[in-house]
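*Asks:* Mind folding the following:
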Amino acid sequence: MNTHISVSTIPHPTGWHTIDWKACHARVRKLQLRIAKATRQQQWRQVRELQRILTRSFSGKAVAVRRVTENTGKRTPGIDGKIWHTPKEKWEGICSLNLCGYRPQPLRRIHIPKSNGKTRPLGIPTMRDRAMQALWLLALEPVSETTADHNSYGFRPMRSTHDAIESIFLRMSQKVSPKWILEGDIKGCFDNISHDWLLSHIPMDRRLLKKWLKAGYMERGVFNHTNSGTPQGGIISPVLANMALDGLEKELMQTFRKSGYHSAKHQVNYVRYADDFICSGSSRELLENEVRPLIAAFMRERGLELSEE
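*Replies:* Next up is the predicted model:
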């Protein structure tokens, strides 16, 4: 089946309403399944080729534009002040999703209130940048879902806070369950993830990823560079953060379930929701002297630190 369908460069106001969405989603899903299979087989060249096909396809571009024009932020513009509201604008959006000559614009930074009275920064990309990220999310998510930690629950399809709570309950409710808890608090996770680590380990077009990471943001009319972290507000940012934190569960299991550590005395459980996690262990000494240093070293490789609190 030909998955690369050309898009006319001439906007068609009625073209948006003639798109066969069922067929588009089916083509995207078929390519995603192939990407996931190639990932399981560690055929990374095949992964890159399939990602290239998906991100150049009409179906992928159409699904990406539909996502960003129908979500809750569809009426919030970036620094260019534009939103894609009409069928003509949405069709033009599909036509604009090409890598050739693409340069993302800085995020528009705003501050939104938190329940504790403080505020948190939020970066708002332009519609085109949102759609480009949504397009590459279609190509990257099959990889992230295939390689994800088993007990990771935040920002993942078909998983929720309730699933995380259930997982914790199952690991804590048994008679032999470890009773000591280490609560993980990562300092500014989204703001501090190492760009070098992301560019070296995230399996996608690295030039494009670097452009997003270095796009910077505008605040009160002043441009600010970004030298670390994923842009909060970017649709692809949660997946990048998840991929940076994935692998810790495997490392813990390999360390504490190998020969000599399989007894209940050295049992360690791990559950993560986004950038919050807990580890349970049989003793305070185990968690403080063995588990925490291992986690701290894992985080340092990614430019992150555990809070001392």
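
*Asks:* Report the buried residues of stretch 103-121.
*Replies:* Using 16 or more other Cβ atoms under 10 Å as the test for burial, stretch 103-121 gives 104, 105, 106, 107, 108, 109. (Each C-beta comes from the backbone N, C-alpha and C, glycine too.)

*Asks:* Using CSV, lay out the residues you listed together with pLDDT and distance to residue 195.
*Replies:* Formatted as CSV, the buried residues of stretch 103-121 follow (pLDDT from 0 to 100; distance: Cβ to Cβ, whole Å):
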residue, pLDDT, distance to residue 195
104, 96, 15
105, 97, 19
106, 96, 16
107, 95, 15
108, 96, 21
109, 92, 18
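
*Asks:* Inside strands: which ones of those residues?
*Replies:* 107, 108, 109 (DSSP state E).

*Asks:* Now residue 255: phi and psi?
*Replies:* Main-chain torsions, residue 255, degrees, to the nearest 10: phi -80, psi -40.

*Asks:* Can you tell me the SS state at the most centrally placed residue in the chain?
*Replies:* By Cα atoms, centre = their mean, the chain has its centre lying nearest to residue 239, at 0.9 Å. Under DSSP: H, G, I helix; E, B strand; the rest coil, residue 239 falls in the helix class.

*Asks:* ok, now which ones touch it?
*Replies:* By Cβ atoms under 8 Å, 6 or more residues apart in numbering, the residues touching residue 239 are 137, 140, 141, 144, 155.

*Asks:* Mind telling me the two of those residues farthest from one another?
*Replies:* 140 and 155 (12.6 Å; Cβ to Cβ).

*Asks:* and those two? which has more neighbours close in?
*Replies:* When residue 140 and residue 155 are compared for neighbours, residue 140 comes out ahead with 25 against 15, by other Cβ atoms under 10 Å.

*Asks:* Please tell me how far residue 194 sits from residue 248.
*Replies:* From residue 194 across to residue 248, the span is 15 Å (Cβ to Cβ, to the nearest Å).

*Asks:* which of the two has more neighbours?
*Replies:* residue 248 (21 against 18).

*Asks:* Setting aside sequence neighbours, what's the nearest residue to the more buried one?
*Replies:* If the residues on either side of it in the chain are set aside, residue 248 comes closest to residue 298, at 5.2 Å by Cβ to Cβ, 6 or more residues apart in numbering.

*Asks:* How about the secondary structure of the one you found?
*Replies:* Strictly by three-state DSSP, residue 298 counts as helix.

*Asks:* Assess the claim that it and residue 246 are in contact.
*Replies:* No. Residue 298 is not in contact with residue 246 according to Cβ atoms under 8 Å; the separation is 10.6 Å.

*Asks:* Switch the buried residues of stretch 103-121 over to a markdown table; also include distance to residue 43.
*Replies:* Putting the buried residues of stretch 103-121 into a markdown table (distance: Cβ to Cβ, whole Å) gives the following:
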| residue | distance to residue 43 |
| --- | --- |
| 104 | 29 |
| 105 | 35 |
| 106 | 36 |
| 107 | 35 |
| 108 | 39 |
| 109 | 40 |
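
*Asks:* can you list the domain ranges for the chain.
*Replies:* The chain is divided into the following domains under automatic domain parsing: 1-147, 151-194+229-309.

*Asks:* Relative to the whole chain's centre, how far out is the last one?
*Replies:* Chain-centre distance of domain 151-194+229-309: 17 Å, with Cα atoms, centre = their mean, to the nearest Å.

*Asks:* Repeat that for stretch 202-210.
*Replies:* With Cα atoms, centre = their mean, you get 13 Å for stretch 202-210.

*Asks:* one step back: if I look at the residue nearest to the centre of the chain, how far off is residue 143?
*Replies:* 9 Å.

*Asks:* what about the helices in this protein?
*Replies:* Under the criterion DSSP state H, the chain contains helices at 21-40, 44-56, 58-70, 87-96, 127-147, 161-172, 189-192, 195-201, 206-213, 237-245, 248-256, 284-286, 292-300.
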